[in-house]
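# kindly generate the corresponding structure for this input.
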Amino acid sequence: MNTKQTLNALLATVPTHNYLHLLEGNTPKKVVDFLDLSRNDISKAMKMDKDHVRFDDQITKDLKKRLYEIANICELMAGYFNGDIEKTALWFNIKNPALGGISPRDMIRYGRYKKLELFIRNALAGIHP
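You can find the predicted model right below:
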């Protein structure tokens, strides 16, 4: 891998825009709303007690970190769709053959967001070498 490819791979981890506005304000709540996730979904995905799922200033550090990572994934895909929020939302909600026939949203709900993130990064790296 040459220097340009290495730099592109490194920079591909951060979205170039904040099309969905998930990376500002109350990011955890915005992510949950964008993906239409329930407290129960978050509880199962993050393997934590439902009573500990909060989106206010009492949110746990681990949950906040994970939801920022998911926000980053969403913004990367919004960048692929040139900021089209409807297409981005649709992509997260439609079953995807490349993901074993489940939707990206369900990958997140099942706690497989790291696998989804890797899939997205690899796909985008192939598109933007």
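# residues in contact with stretch 90-100?
35, 74, 77, 81, 101-105, 107, 116, 119 (C-beta atoms under 8 Å, 6 or more residues apart in numbering). (Glycine included, C-beta is placed from N, CA and C.)
# tell me which of those residues fall in strands.
Of the contacts of stretch 90-100, none are assigned to strands by DSSP state E.
# with distance to Asn2, neighbour count and pLDDT added, can I get those residues in JSON lines?
Listed next are those as JSON lines, based on distance: C-beta to C-beta, whole Å; neighbours: other C-beta atoms under 10 Å; pLDDT from 0 to 100:
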{"residue": "Leu35", "distance to Asn2": "37", "neighbour count": "22", "pLDDT": "98"}
{"residue": "Cys74", "distance to Asn2": "30", "neighbour count": "25", "pLDDT": "97"}
{"residue": "Met77", "distance to Asn2": "27", "neighbour count": "22", "pLDDT": "95"}
{"residue": "Phe81", "distance to Asn2": "29", "neighbour count": "15", "pLDDT": "96"}
{"residue": "Gly101", "distance to Asn2": "36", "neighbour count": "9", "pLDDT": "97"}
{"residue": "Ile102", "distance to Asn2": "36", "neighbour count": "16", "pLDDT": "97"}
{"residue": "Ser103", "distance to Asn2": "36", "neighbour count": "17", "pLDDT": "98"}
{"residue": "Pro104", "distance to Asn2": "31", "neighbour count": "24", "pLDDT": "98"}
{"residue": "Arg105", "distance to Asn2": "36", "neighbour count": "20", "pLDDT": "98"}
{"residue": "Met107", "distance to Asn2": "32", "neighbour count": "22", "pLDDT": "97"}
{"residue": "Leu116", "distance to Asn2": "28", "neighbour count": "23", "pLDDT": "96"}
{"residue": "Phe119", "distance to Asn2": "24", "neighbour count": "17", "pLDDT": "92"}
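# out of those residues, the closest to Leu22 would be?
Nearest to Leu22 among the contacts of stretch 90-100: Cys74, at 5.7 Å, using C-beta to C-beta.
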